[in-house]
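Peer 1: quick one, structure for this:
(2 chains)
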Amino acid sequence: MLETWTHLMGGFATAISPINLLWAFVGCAVGTAIGVLPGLGPAVTVAMLLPITSQVEPTASMIFFAGIYYGAMYGGSTTSILLNTPGETGTMVTALEGFKMARSGRAGAALATAAIGSFVAGTIATVLVTLFAPLVAEHAVKLGPPEYFLLMVLAFLTVSAVLGKSTLRGLTALFLGLGAGLIGMDQISGQVRYTAGIPEFMDGIEVVLIAVGLFAVGEVIYNAMYEGRSVCEMNRLTSVHMTGSEWRRSWPAWLRGTALGFPFGTIPAGGSEIPTFLSYATEKKLSNHKAEFGTTGAIEGVAGPEAANNAAVTATLVPLLTLGIPTSVTAAILLSALQNYGIQAGPQLFETSSKMVWALIASLYIGNVMLLILNLPMVGLWVKLLKIPRPQLYAGILIFATVGVYGMRQSSFDLFVMYGIGLLGVLMRRYDFPVAPVIVGMILGPLAEAQLRNAMSIGEGKWGVFLERPASAFLLFIVVLVLLLPRVARLWQARRGGATPAA
Amino acid sequence: MTTPAAPQVTHSSHSARAQLLIALGVLGVAGVLVYGALSIPSDAGYGGVGPNFLPWVVAAVLAVCGGWLLWEAATGGFRQLEEPSGAARGDWPAFAWVSAGVLANAALITSAGFVLSCALCFALAVRGLRLSEGKPVGGVRQTVIDAITGVLIAAPVYWLFTKLLAINLPGLTGTGWI
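Peer 2: Here you go, the predicted structure:
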């Protein structure tokens, strides 16, 4: 405990250096802006900015990226409340009640409970990260390749098979990502695979290229093709403050949201979608003002999910830093940022890059304060961003996409590939294929393959190695459970109700 | 990369023809992966799993997924398909303008430099996006304004990256300013 305290203080010493404070601030501001703006998310923004990893030192850029990740969650709620078009999946639930509150003239209160709730949840979650991450890292050292491989399989399954509507389309997306991850030099044997003789492919396909193609270019083209006539009404911003009764209704929801969000962020369950929905359902059940839900908008329905979202986002840092396993798309891209520096995320990180890790954690405390200030008194500033006309906004995104893709490798060939991947993104969105599994599969795939092959070496070529070790047998059991449970539940439901058709 | 437009009033995501093509596309990717996997040596050392193991797994699973998608598409369409947001049919002129912007940028960036090439991309894409909203795309005056707006966005980005972050982006001149 004392040791943690010393480390944390050391982290603060690094994080409050003027240059790192500046990176944190710029990150929070950029994050809030892209959270507010429809069309760009934290994942693609961090991806576009990956080229800076060649120039900026790791601590500063991780502080910067984390600020973007966080800031996007704060900013996303503003758009959800005022526009009813959630900027991020995590703020989707916020839109349910938030938009209704705003429509009945309580936009200010909704924004306040979202921002303060995000702050409370973010700070509590950061304290939990501070306390638990070193502990997890300590135990994670004992995990071997078989356990890591199964943890990664678990991450693959949850992101592709459990979350989406269709397991088939989720798995297709995942394996497309895994296939993209195969291109280049094999980590273990040095064998070159799928490069078709093109020297640019030796180092593999850049994550920036896939992420920017799918999320940014795909989004712009999709918008031009299909969303031109979609109209958006905007709610009026009212003064941002909460009455006494709104405070009393908000704070238990914040705490419950945090309690729900944090555990979900730490396990590979695909980020913040599940906990935000759970929190919404919980608040609806517990509320004394049930009539307000879905009609005039209930403040608990904003406070809880917002807190759950931020707690989950913060908690994704635990598996990312201690195990090197990303549980959301943005976390996957943060992992690839670390890889650009040659830093191996995992339990050793707390030993080898202790200074960076603690500076990052300390910067989360600072970032939360910055974001509260950026999003409460200055919310009017961000709302102005929503006035940018749609054509200019989306065309501008293309310029930023170009910077990210071209800046990574200085190849105009990549820009053509980016366009092709953008078309793929449009198709995937149109035909309801999830996109997240592609990114996670591509980044985590090569790591999982290395773990699998190391595991097989340990087992001297026998698959039994996954069953002989108690920890890995347990994980294997969980994997099977995750695969079967939703199906069994669906079958059971179908047998009882007969209404839901089984796929 | 073929997306045939559905001529009916039904939502284009339910087009059986497009779904069949997508399934065939997935099968095609699986085929490419199989072809590539044939040339990867299986030398596994003492691990039992060599560099060609995962390629074969990925190819096999994609083949199964592609086949399954094909079956779904042929028997009533993809299951549990959530209709995506937006219009039922694609706006192809708008698509063409935006595509022209991105492709022109890719073709010109090394010769015309980042700023000018991006400004052109911006002007073309804005035109397409405006068209998709059913608004007038504007005459020469509007196009000039769009191009200048593009420069005003691209130039600061360019300076930020080349001057402040020392990341190489192509310029029309070697000065790093344009």
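Peer 1: any low-confidence regions in the stretch 51-200 of chain A?
Peer 2: Where the stretch 51-200 of chain A drops to pLDDT under 70, the residues are A:86-90, A:162-164.
Peer 1: that one: helices as residue ranges?
Peer 2: Listed in chain order, the helices of the stretch 51-200 of chain A (DSSP state H, counting those that start in this stretch) span A:58-83, A:92-103, A:107-140, A:145-157, A:167-182.
Peer 1: same check, this time on the stretch 251-400 of chain A
Peer 2: So, for the stretch 251-400 of chain A - with DSSP H, counting those that start in this stretch - the helices run A:273-286, A:300-315, A:317-323, A:329-340, A:349-352, A:354-375, A:379-385, A:390-409.
Peer 1: please tell me how far B:A147 sits from B:W159.
Peer 2: Using Cβ to Cβ, to the nearest Å, B:A147 is found at 18 Å from B:W159. Bear in mind the C-beta positions are built from the backbone N, C-alpha and C, glycine included.
Peer 1: and what of A:T195?
Peer 2: For A:T195, the distance to B:W159 (Cβ to Cβ) stands at 35 Å.
Peer 1: what do you get for B:S117?
Peer 2: B:S117 is 16 Å from B:W159, by Cβ to Cβ.
Peer 1: more crowded one of the two?
Peer 2: B:S117 (27 against 16; other Cβ atoms under 10 Å in any protein chain shown).
Peer 1: any idea which element the more buried one lies in?
Peer 2: helix B:114-132 (DSSP states H and E).
Peer 1: and the next element down the chain from that helix?
Peer 2: Next along the chain after helix B:114-132, taking DSSP H and E as the criterion, comes helix B:140-159.
Peer 1: any weak-confidence spans in chain A?
Peer 2: Within chain A, the stretches with pLDDT under 70 are A:86-90, A:162-164, A:269-271, A:497-503.
Peer 1: ok, back up a step: would the helix holding B:S117 count as contacting chain A?
Peer 2: Yes: using Cβ under 8 Å from any Cβ of the partner chain, helix B:114-132 reaches chain A at B:F114, B:C118, B:C121, B:F122, B:A123, B:A125, B:V126, B:G128, B:L129, B:R130, B:L131, B:S132.
Peer 1: now that helix against helix A:390-409, angle please.
Peer 2: Angle, helix B:114-132 to helix A:390-409, by axes from the mean of the first three to the mean of the last three Cα atoms, to 10 degrees: 140 degrees.
Peer 1: now helix B:114-132: mean pLDDT?
Peer 2: For helix B:114-132, mean pLDDT is 94.
Peer 1: by how many degrees do that helix and helix B:140-159 diverge?
Peer 2: In terms of direction (the same axes, to 10 degrees), helix B:114-132 departs from helix B:140-159 by 130 degrees.
Peer 1: please name the nearest non-neighbouring residue to A:G213.
Peer 2: Nearest residue to A:G213, sequence neighbours excluded (Cβ to Cβ, 6 or more residues apart in numbering or on different chains): A:I421, at 2.8 Å.
Peer 1: relative to chain B, how far out is A:A173?
Peer 2: Distance, A:A173 to chain B, using Cβ to the nearest Cβ, to the nearest Å: 9 Å.
Peer 1: what's the closest non-adjacent residue to A:S336?
Peer 2: Nearest residue to A:S336 in three dimensions, chain neighbours excluded: A:V207, at 4.6 Å (Cβ to Cβ, 6+ apart).
Peer 1: quick one: residues contacting the one you found.
Peer 2: For A:V207, the contact set (Cβ atoms under 8 Å, 6 or more residues apart in numbering or on different chains) comprises A:A47, A:L50, A:I333, A:S336, A:I439, A:M442, A:I443.
Peer 1: one more pass at 7 Å, please.
Peer 2: A:A47, A:I333, A:S336, A:M442, A:I443 (Cβ atoms under 7 Å, 6 or more residues apart in numbering or on different chains).
Peer 1: so the last one sits against A:A332, correct?
Peer 2: What that stands for is A:I443. Yes: using Cβ atoms under 7 Å, A:I443 is in contact with A:A332, at 4.6 Å.
Peer 1: touching, B:E72 and B:F78? I think so.
Peer 2: Yes: with contact defined as Cβ under 7 Å, B:E72 counts as touching B:F78 (5.3 Å).
Peer 1: roughly how far apart are A:S77 and A:T32?
Peer 2: 10 Å.
Peer 1: who's more crowded, the two?
Peer 2: Legend: neighbour count by other Cβ under 10 Å for A:S77 and A:T32, higher for A:S77 (33 against 29).
Peer 1: those helices in chain B, which residues are they?
Peer 2: Assigned by DSSP state H, the helices in chain B fall at B:16-38, B:53-74, B:92-112, B:114-132, B:140-159.
Peer 1: may I have the first one as CSV, with CA atoms only?
Peer 2: Spelled out, it's helix B:16-38. Output in CSV follows, covering the C-alpha atoms of helix B:16-38 (Å, rounded to 0.1, in the frame of the first residue of the first chain):
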residue,chain,number,x,y,z
ALA,B,16,-30.7,-10.6,-51.8
ARG,B,17,-28.3,-10.0,-54.7
ALA,B,18,-26.0,-7.7,-52.6
GLN,B,19,-26.1,-10.2,-49.7
LEU,B,20,-25.1,-13.0,-52.1
LEU,B,21,-22.2,-10.9,-53.4
ILE,B,22,-21.1,-10.2,-49.8
ALA,B,23,-21.1,-13.9,-49.0
LEU,B,24,-19.2,-14.6,-52.2
GLY,B,25,-16.7,-11.9,-51.2
VAL,B,26,-16.1,-13.6,-47.8
LEU,B,27,-15.6,-16.9,-49.6
GLY,B,28,-13.2,-15.1,-52.0
VAL,B,29,-11.1,-13.8,-49.1
ALA,B,30,-11.1,-17.3,-47.7
GLY,B,31,-9.8,-18.6,-51.1
VAL,B,32,-7.0,-16.0,-51.1
LEU,B,33,-6.0,-17.0,-47.6
VAL,B,34,-5.9,-20.7,-48.6
TYR,B,35,-3.8,-19.9,-51.7
GLY,B,36,-1.4,-18.0,-49.5
ALA,B,37,-1.3,-20.6,-46.8
LEU,B,38,-0.2,-23.2,-49.3
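Peer 1: near chain A at all, that helix?
Peer 2: Yes: legend: contact between helix B:16-38 and chain A by Cβ under 7 Å from any Cβ of the partner chain is shown at B:Q19, B:I22, B:V26, B:V29, B:L33, B:G36.
Peer 1: can you put those in TSV and add neighbour count and pLDDT?
Peer 2: Putting the residues of helix B:16-38 next to chain A into TSV (neighbours: other Cβ atoms under 10 Å in any protein chain shown; pLDDT from 0 to 100) gives the following:
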residue	neighbour count	pLDDT
B:Q19	21	93
B:I22	25	95
B:V26	23	96
B:V29	21	95
B:L33	25	93
B:G36	19	89
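Peer 1: can you put the residues you listed in TSV and add distance to A:A121?
Peer 2: What follows is these, written out as TSV (distance: Cβ to Cβ, whole Å):
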residue	distance to A:A121
B:Q19	42
B:I22	40
B:V26	40
B:V29	41
B:L33	43
B:G36	46
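Peer 1: which one among the residues you listed gets closest to chain A?
Peer 2: B:G36 (4.7 Å; Cβ to the nearest Cβ).
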